[in-house]
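**Student:** Model the structure of this input:
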Amino acid sequence: MENHVPFRLSVIMPVYNEQFTIIKVIRKILEQEGKPGISTIQLVIVDDGSTDGSREIIRQQAQLHSQIEVVFHEKNQGKTGAIRTGIDHADGEVIVFQDADLEYNPDDYSRLIRPIFEGNADVVFGSRFLVAEYRRVLYFWHSVLNFFLTNLSNILTDLTLTDMETCYKMFRAPLLKSLPIRSEGFGLEPELTSKIAKRNFRIYEVPISYKGRTYEEGKKITWKDGCWAIYYIMKYWLIDDCFKDSGGDVLHSMSLAPRFNRWMADVVRPFLGRKVLEIGAGTGNMTSRFLPRDEYIASEYDKHYLETLHSRFGHEGRAQIRNLDLNEPDHFKDLMETQDSVICLNVLEHIEDDMSALKRMYQTLNPGGNLIILVPQGPELFGSLDRAVGHFRRYTRADLEKKLIEAGFNVERIFDFNKPGVIGWFINGKLFGRTSLGKLPMKIYDHLVWLFKRIDTVLPWRGLSIIAIASKSIPASSEKNGNAHE
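**Tutor:** Residues are numbered from 1 along each chain as shown. Sure thing, here's the model as predicted:
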């Protein structure tokens, strides 16, 4: 998604006892307003319980500069706590972190923002170890520890970063705001790195200048912080906690099951036409398996998922990304009779008025077009997992067929899908009352898909889902005209 209009940049700066550097840093930050890629600056200063006079200086600076917003922590919460607070107050389209000392130079903002401005990146790391104009030479063992931590992180995230621990991380704001931040102290860097890797954000690195401090000059980080970093690298490799909402975590769990997604896609793909509208594309787990097409619209109403779709597919023009809500009739006005196929997978159960939603999808199709719809089956299976992801209901085959016919469709085929999944859904959602799908069970299930595909049609119970293929009738007048032309 290219953007040729400069961004409003929110700079989040945690402060703890930096009275000798704070004014210089503020001045340097505000000087970046109007630089390439930056329209305006919002500086969010979070004072994290300073006791050296920094608070008074910050208050004075806030009175002098309208771009400054100040939040005071009465109790020290560490850098991560201050960043978390700052994110809540940031209103820019792009967010960057800034230390309150003079180690990192705000003159690098334009360099950092360029890959985002040009539509190539979602996250940009400022690397102290790539070639830059200058870099202060300091502690060897710090460099060794940084190299070790970065490479340990790279091994577990499958990235090729040169500086995971850098302060300078710049984000598209909606994506950053969708990430939960749970760590404390100096766990921020490995936590964010792990989560943006799991979310498949487009990550770039650019070289930055670096003027490190000695301990005599006020440097605070120690070897203990390195030990905590190792802990957080391992923790967020093992834990999948990548979305603030549990529905997103379920979608992420599904992304860990490529064989299952391929199975579903293989079942659906034969019914797709050349012009396709996917309703409720989520994070694009299925979208990637249906491309390329003559025309493909991947739609969502959730702003965080829309940003993810733009990141994955929109920037290269592989798909049109649209904000569509099945609850909003106006969203579909310009789509009347424009699509050969509408895909609606695991969406209808989220809509309270599902009949109106089906009628909107009917109106979107060209005569002769197909609706491919998948819904959860079995009201008796409704449990904690359904509630966690916002399901209003689970369907029976008869109920879905009746509603499709009432909406105007001809039901061509209707069949069960994923009978083996009933066991896991019952155990997790009904028996144990869980609200998310675990990483290990999903991986085990995914590795057994080769078997489940073969036994799915012979198992004696109903499937976890129902798939229906429903068509829109061709008006009789059109058929006659077509025959006359022949």
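
**Student:** and stretch 102-110, which residues are buried?
**Tutor:** Residues of stretch 102-110 classed as buried: 102-106, 108-110 (neighbour count, 16 or more other Cβ atoms under 10 Å). (C-beta placed from N, C-alpha, C; glycine too.)

**Student:** ditto for stretch 390-401
**Tutor:** When neighbours are counted by 16+ other Cβ under 10 Å, the buried residues of stretch 390-401 are found to be 391, 393-397, 399-401.

**Student:** Select from those residues every entry located in strands.
**Tutor:** By the criterion of DSSP state E, membership of the buried residues of stretch 390-401 in strands covers no residue at all.

**Student:** Turn those residues into TSV, including distance to residue 306 and pLDDT.
**Tutor:** Written out in TSV, the entries for those read as follows (distance: Cβ to Cβ, whole Å; pLDDT from 0 to 100):
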residue	distance to residue 306	pLDDT
391	21	93
393	26	96
394	27	96
395	27	97
396	33	97
397	33	96
399	31	96
400	28	97
401	32	97
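
**Student:** Over to residue 411: give its phi and psi.
**Tutor:** Here is the backbone geometry of residue 411 (degrees, to the nearest 10): phi -80, psi 110.

**Student:** quick thing: my sequence starts at 218, can you match it?
**Tutor:** Yes, from this point I'll number from 218; that puts the last item at residue 628.

**Student:** Now do the contacts for the spatially closest residue to residue 689 that is not a sequence neighbour.
**Tutor:** Nearest residue to residue 689 in three dimensions, chain neighbours excluded: residue 582, at 4.4 Å (Cβ to Cβ, 6 or more residues apart in numbering). With contact taken as Cβ atoms under 8 Å, 6 or more residues apart in numbering, residue 582 is in contact with 554, 556-559, 588, 689.

**Student:** Among the residues you listed, which one sits closest to residue 448?
**Tutor:** Using Cβ to Cβ, residue 559 comes nearest to residue 448 of these, at 47.2 Å.

**Student:** Confirm that closest one sits in a strand?
**Tutor:** Yes. Counting by DSSP: H, G, I helix; E, B strand; the rest coil, residue 559 is part of a strand.

**Student:** Tell me, how many residues neighbour the closest residue to residue 563 other than its chain neighbours?
**Tutor:** Excluding its sequence neighbours, the residue lying closest to residue 563 (Cβ to Cβ, 6+ apart) is residue 591, at 6.0 Å. The number of residues packed near residue 591 is 22, by other Cβ atoms under 10 Å.

**Student:** quick one: residue 591 is in a helix?
**Tutor:** No. Per three-state DSSP, residue 591 lies outside any helix segment and is strand.

**Student:** Against residue 560, how distant is it?
**Tutor:** With the distance defined as Cβ to Cβ, to the nearest Å, residue 591 ends up 9 Å from residue 560.

**Student:** same check, this time on residue 421
**Tutor:** Using Cβ to Cβ, one obtains 32 Å as the distance from residue 421 to residue 560.

**Student:** Look at the two and report which has more neighbours.
**Tutor:** Set side by side, residue 421 and residue 560 show more neighbours around residue 560, with 28 against 17, by other Cβ under 10 Å.

**Student:** Quick one: the buried residues of stretch 607-618 as CSV, columns for distance to residue 521 too.
**Tutor:** Listed next are the buried residues of stretch 607-618 as CSV, based on distance: Cβ to Cβ, whole Å:
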residue, distance to residue 521
608, 19
610, 25
611, 26
612, 27
613, 33
614, 33
616, 31
617, 29
618, 34
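
**Student:** Please flag which of those residues sit within helices.
**Tutor:** Residues of the buried residues of stretch 607-618 located in helices (DSSP state H): 614, 616-618.

**Student:** Just give me the closest of those to residue 530.
**Tutor:** Nearest to residue 530 among those: residue 617, at 29.3 Å, using Cβ to Cβ.

**Student:** re the thing from before, buried subset of the contacts of residue 582?
**Tutor:** Those of these that meet the buried threshold are 556-559, 588, 689, by 16+ other Cβ under 10 Å.

**Student:** what mean pLDDT does stretch 274-286 have?
**Tutor:** Averaging pLDDT along stretch 274-286 gives 96.
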